[in-house]
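*Asks:* sharing a model prediction with you, sequence too.
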Amino acid sequence: MPVFKNDEPGGRRLILLLLVTAALVCLSGFFVYRVFSLKTSVELYVFDTCGGCNVQNPCKPCKVFLDLINKYKRALAEAGLLEKTDFRPYNIYMDNDAAAYRKNISAVGLEEIPSLPAAVIGGRLISGETALDENLIPAVKARRRFMPLLKQFLGFSSNGKGKIGVYDEKTVVYFSIPYCEDCKKTGAFLKNLPGLRVIQIDSSDAEGRTLYEKYCEAYGVPVDDYVAPRLFVQKSSFTGYLETVKSLGDILEGNSRTLKIDP
């Protein structure tokens, strides 16, 4: 096996190759370190009317608000995620927090959140305490994977635009299954309503079930099973043909917008 001296061309090329390789390894390691050192934004929104102020200024924070902060901080800490998140709680009963709430949700394409408490995690909306209890940690873990962190590092999709927003016109998102008689009656009823856009989704296949779960998560509806028909309209969600006939007219008189969630 030939041995090259440092002053021979082959030896110099080998040393240069080793130096370049070492530099690339160091740069790659530093890049990966920087990517994984990014923090994941967790915005917690709570509406808690004052639980009783004391004589201090500013007033004592409300108990429900504090309890939820401690609850989710503890959950993040137990999962080893607290130091990896930028956890920002807001009580939107307070004027300053309400202004921040409107600004922040507007940045991810929303006008309002269907139910509180809720969290926005990298553009993903989780609404309702039950949904938060079940999905907060999985949602943060999903954002801690390499590709989402890389996109965040590069400045892409960090605000979640294109994943969630609102429909401009009056819209019903309607989940059905082909063999459901109630679904057929509900579909016929919806078609006869003037000025209403109907987005019908088959929840019997894998893609439809995934979107169904996303809507339940955003509207704070427990996903115990795949109930059909289920409607999401403006800030409300309900099931069944009779409930649709009974409730839909009053709901559509409001000015809220239905959430638009991409598959």
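*Replies:* Right, received. Where do you want to start?
*Asks:* only C-alpha atoms for contact and neighbour calcs from this point on.
*Replies:* Noted.
*Asks:* show me where the stretch 1-150 of the chain has its helices.
*Replies:* According to DSSP state H, counting those that start in this stretch, the stretch 1-150 of the chain carries its helices in the segments 9-36, 63-78, 95-107, 129-143, 146-154.
*Asks:* out of those, the one nearest residue 46 is which?
*Replies:* In this view, the helices of the stretch 1-150 of the chain are compared for proximity to residue 46 by Cα to Cα, and helix 63-78 is the closest at 6.5 Å.
*Asks:* buried sites along that closest one?
*Replies:* Along helix 63-78, the positions that meet the burial threshold by neighbour count (16 or more other Cα atoms under 10 Å) are 64-65, 68-69, 72-73, 75-76.
*Asks:* reformat these as TSV; add pLDDT and distance to residue 252.
*Replies:* TSV is the format used below for the buried residues of helix 63-78 (pLDDT from 0 to 100; distance: Cα to Cα, whole Å):
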residue	pLDDT	distance to residue 252
64	84	32
65	87	32
68	91	33
69	91	35
72	93	35
73	93	38
75	93	38
76	93	39
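*Asks:* which one of those residues is nearest residue 112?
*Replies:* Nearest to residue 112 among the buried residues of helix 63-78, counting by Cα to Cα, is residue 65 at 19.2 Å.
*Asks:* low pLDDT regions in the stretch 51-200 of the chain?
*Replies:* In the prediction, the stretch 51-200 of the chain carries residues with pLDDT under 70 at positions 51-61, 149, 152-153, 155-163.
*Asks:* if we can go back for a sec, quick check, nearest of the buried residues of helix 63-78 to residue 92?
*Replies:* If you rank the buried residues of helix 63-78 by distance to residue 92 using Cα to Cα, residue 65 comes first, at 10.1 Å.
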